[in-house]
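> Let's see this in three dimensions:
(2 chains)
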Amino acid sequence: MKRSLIALSAGLLIAGLAIAAPGALDGVQKQPLNVSAIAMFMVFVIATLGITKWAAGRTKSTADFYTAGGGITGFQNGLAIAGDYMSAATLLGLTSLVYAKGFDGFIYTVSFFIGWPIILFLMAERLRNLGKFTFADIASYRLDQSRIRTFAAFGSLTVVCFYLIVQMVGAGQLIQLLFGLEYNMAVVCVGILMMVYVTFGGMVATTWVQIIKACLLLGGGTVLMLLAFSQFGFSFENLFGQAVAAHKAGIKIMAPGSLMADPISAVSLSFALLFGTAGLPHIMMRFFTVPNAKEARKSVFYATGFIGFFFLVVIILGISAIVIVGQNPAFFEGGQVGSKLIGGGNMPVMHLAKAVGGDVFLGFLSAVAFATILAVVSGLALAGASAIAHDLYARVIKKGEASSAQEMKVTKIASVGIGLTAIALGILFKDQNIAFLVALTFGVAASVNFPVLILSMYWKGLTTRGALWGGIAGLVSAVGLVILSPAVWVKVLGNAQAVFPYDHPAIISMTLAFVVTWLGSVTDKSARAAREADAFEEQYIRAQTGLGASGAHAH
Amino acid sequence: MSQQNIQAKIRSNPKFAELVGKRTRFAIILSLVVLVPYYSFMMITAFNPGLLATPLSEGSVMTWGWPLAALMVVGGWLLTGVYISRANGEFDDLNQQILKEAQK
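Now for the predicted structure:
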């Protein structure tokens, strides 16, 4: 069955290419079929399916499935974390932000980066020492197993679902643009490949897909940066001088602009990015794939290095694009510099690739962008499947009595279920304005997952009641404020003025979650609350020393 | 030996207090070294953006904001290196001693 499913998915892809006749022109404009891009992407798909087949042979226990048996090295895991964090949105979105707004794009990029050192200093070691498969393991370590675990699992699934929609819709549009494939076909291809990787290869395959993609993205980005930068004689003064001359905002791109003009909005954005990152379930899951705390720390060191390097590359790409793409009529609709960019506002980096590296390089970068989406959705699907199978099924429903074989079966059903859901949501949200989903993803991660996680590790006084109250307060306020924010209230619902003026709710919703958790905990005088406080001692020693932490599983 | 016994031994070992104290202090100091400049930077962009728009030198288009932002990225990474060199060396050695002494 394994082989037949892999063959089926490869067949579907080829069929997809054949069907991809000129079609829908909705949303973003579909481009002519890009043969070199598709060929390069097929190489990636075949290689990763080969890896999946190899990984399937090594995935026997639930520990193999969820965490690759804890046998990934720090360096490999660092690359995989970087891969999880550097989505297609990073490459396309951050370059286009720098292209459009100059220095404001850099500020956003720094905010997107700065959470990583903090995760290392305050969380990495405790996460590794306390967790086994999911972040709910840590949140429910000494609290009520069924209630807190259920809540944490739903927190994970909510974030996974929102983020999956963002990725699937992005995949559909991007592939339509770059490959000339039809939107629905692209979404189905991504969904099926993701199901194959996750269902058969589990964490081993997902990690290697992520590592390969991270290398391609880092390599491709660096080569593109060198090609572009060489046109300016590798001189920053020259590059920036020409960019200022070319940009319609002129010298203003060199200074902070409108993005950060409102301090509350800026702080709320930084809270969402900083603490939301520390609450993303597919990222936290990566801390359990290494054998011990030492390797967990190393993985964040490597990941931070790769992410930081890539972000700096992205800045140079964005600035170069201002000069190279922004003044070339070939990249604008109607051949008119200053009109809409062909393919939309997210395309500067792709046009840059064509301008400095020709069609083959554009094809390569398109294939890398597709591979990136595929790898990120696989990581998300795995995190979702483990929340369903490990937390909800094995721990809550079966109270830890499920056999490994039963749990494995549920993980596979859950992976397929998540894949089908992702395809359905991707098609359902076609042509929707989904900008608010990014705010929602990071808002919920920062206001629901992060507070319970950090308090359960650091605060003895946390009780089940406090965690539940706080989590619900965080969830309701994050979702409610996003609905009242400009992104939904004005842009989706068509009202004239937003009730809540900021796009990111974190400054309110995260603060509220912490306050309510504290209040719910200190007023909890029940016997269970006292037991939970007593259990902190054991957890504290394990968190600090790794005594009793789950180790690597040898094969 | 029971798990509880081992835990009690770890707790009463003065090296445990030393490890936790040193490591926690180190982590908090490094976090502040990252967060204080970052939020100062964010507040400058909000309240005094002109400061970051100052040219690096007379007649240069390059402003102070760019190298400072790049420094936060590079510096943030270097600090993770500083943390793991001490955590994976000195602190882990101490941790191993504590675990070993508790098993006796």
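> Residue ranges in the chain under the pLDDT threshold?
This is for chain A. Applying pLDDT under 70 to chain A picks out residues A:1-31, A:550-555.
> should've been chain B
Residues of chain B that meet the criterion pLDDT under 70 lie in B:1.
> For chain A, give me its nearest residue in it.
Nearest to chain A, among the residues of chain B, is residue B:53, at 3.3 Å (Cβ to the nearest Cβ). Yep, even glycine has a C-beta here, placed from its N, CA and C like the rest.
> Not counting residues beside it along the chain, what's closest to that residue?
If the residues on either side of it in the chain are set aside, residue B:53 comes closest to residue A:255, at 3.3 Å by Cβ to Cβ, 6 or more residues apart in numbering or on different chains.
> The residue nearest in space to the middle of chain B: which element?
With distances taken as Cα atoms, centre = their mean, the residue of chain B nearest its centroid is residue B:30 (2.6 Å). Per DSSP states H and E: residue B:30 is located in helix B:14-47.
> list the buried ones in that helix?
Neighbour counts using 16 or more other Cβ atoms under 10 Å in any protein chain shown place B:16, B:19-20, B:23, B:26-27, B:30-31, B:33-35, B:37-38, B:41-42, B:44-46 of helix B:14-47 among the buried residues.
> Likewise for stretch A:175-187?
A:175-187.
> Tell me the gap between that stretch and the middle of its chain.
21 Å (Cα atoms, centre = their mean, to the nearest Å).
> Same question for stretch A:60-78.
Counting by Cα atoms, centre = their mean, stretch A:60-78 comes out at 19 Å from the chain centroid.
> got the CA coordinates for it in CSV?
Listed next in CSV are the C-alpha coordinates belonging to stretch A:60-78 (Å, rounded to 0.1, in the frame of the first residue of the first chain):
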residue,chain,number,x,y,z
LYS,A,60,8.2,1.7,13.9
SER,A,61,7.2,3.2,17.3
THR,A,62,5.3,6.3,18.2
ALA,A,63,8.6,7.9,19.4
ASP,A,64,10.0,7.4,15.9
PHE,A,65,6.9,8.9,14.4
TYR,A,66,6.6,12.0,16.6
THR,A,67,10.2,12.8,17.3
ALA,A,68,12.4,10.6,15.1
GLY,A,69,13.3,8.6,18.2
GLY,A,70,15.1,11.7,19.6
GLY,A,71,17.9,10.7,17.2
ILE,A,72,18.4,14.0,15.2
THR,A,73,21.7,15.8,15.9
GLY,A,74,21.8,19.5,17.0
PHE,A,75,23.1,20.6,13.6
GLN,A,76,20.5,18.7,11.6
ASN,A,77,17.7,19.9,13.9
GLY,A,78,19.0,23.5,13.7
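> list the buried ones in it?
Applying 16+ other Cβ under 10 Å to stretch A:60-78 flags A:62-72, A:74-78 as buried.
> which one of those sits closest to chain B?
Nearest member of the buried residues of stretch A:60-78 to chain B, counting by Cβ to the nearest Cβ, is residue A:74, at 9.2 Å.
> and the closest one, what is it in contact with?
A:290, A:294, A:295, A:296, A:297, A:298, A:299, A:301, A:302 (Cβ atoms under 8 Å, 6 or more residues apart in numbering or on different chains).
> Now, the residues you listed that are in helices?
Among the contacts of residue A:74, the members falling in helices (DSSP state H) are A:294, A:295, A:296, A:297, A:298, A:299, A:301, A:302.
> which of those come close to chain B?
A:294, A:297, A:298, A:301 (Cβ under 8 Å from any Cβ of the partner chain).
> Residue A:126 belongs to a helix?
Yes. Residue A:126: assigned to a helix according to DSSP: H, G, I helix; E, B strand; the rest coil.
> residues in contact with it?
A:138, A:457, A:543, A:544 are the contacts of residue A:126 under Cβ under 8 Å, 6+ apart.
> now residue A:283, what's its secondary structure?
Under three-state DSSP, residue A:283 comes out as helix.
> Measure how buried it is and give me the count.
20 (other Cβ atoms under 10 Å in any protein chain shown).
> now do residue A:443
Neighbourhood size, residue A:443 [other Cβ under 10 Å]: 33.
> My guess is it contacts residue A:505. True?
Yes. Counting by Cβ atoms under 8 Å, residue A:443 does reach residue A:505; the two are 4.8 Å apart.
> joint contacts of those two?
Common contacts of residue A:443 and residue A:505, defined by Cβ under 8 Å, 6+ apart, comprise A:272, A:478, A:481, A:482.
> now, which of those residues sits nearest chain B?
residue A:272 (13.2 Å).
> Secondary structure element for the closest one, which one?
Using DSSP H and E, residue A:272 falls in helix A:263-277.
> Okay, buried residues for that helix please.
For helix A:263-277, by 16+ other Cβ under 10 Å, it's A:265-277.
> export the strand or helix carrying residue B:71 as PDB, just CAs?
When elements are assigned from DSSP H and E, residue B:71 belongs to helix B:65-86. Output of helix B:65-86 as PDB, limited to C-alpha atoms (Å, rounded to 0.1, in the frame of the first residue of the first chain):
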ATOM      1  CA  GLY B  65      19.500  52.600  11.400                       C
ATOM      2  CA  TRP B  66      20.700  49.900   9.000                       C
ATOM      3  CA  PRO B  67      24.000  48.900  10.700                       C
ATOM      4  CA  LEU B  68      22.300  49.000  14.100                       C
ATOM      5  CA  ALA B  69      19.500  46.700  12.900                       C
ATOM      6  CA  ALA B  70      22.000  44.400  11.400                       C
ATOM      7  CA  LEU B  71      24.000  44.400  14.600                       C
ATOM      8  CA  MET B  72      20.900  43.300  16.500                       C
ATOM      9  CA  VAL B  73      20.600  40.200  14.300                       C
ATOM     10  CA  VAL B  74      24.300  39.400  14.300                       C
ATOM     11  CA  GLY B  75      24.700  40.200  18.000                       C
ATOM     12  CA  GLY B  76      21.600  38.100  18.900                       C
ATOM     13  CA  TRP B  77      23.200  35.100  17.200                       C
ATOM     14  CA  LEU B  78      26.600  35.700  18.800                       C
ATOM     15  CA  LEU B  79      24.900  35.800  22.200                       C
ATOM     16  CA  THR B  80      23.300  32.400  21.600                       C
ATOM     17  CA  GLY B  81      26.900  31.200  21.000                       C
ATOM     18  CA  VAL B  82      28.000  32.800  24.300                       C
ATOM     19  CA  TYR B  83      25.200  31.000  26.100                       C
ATOM     20  CA  ILE B  84      25.700  27.600  24.700                       C
ATOM     21  CA  SER B  85      29.500  27.700  25.200                       C
ATOM     22  CA  ARG B  86      28.900  28.200  28.900                       C
END
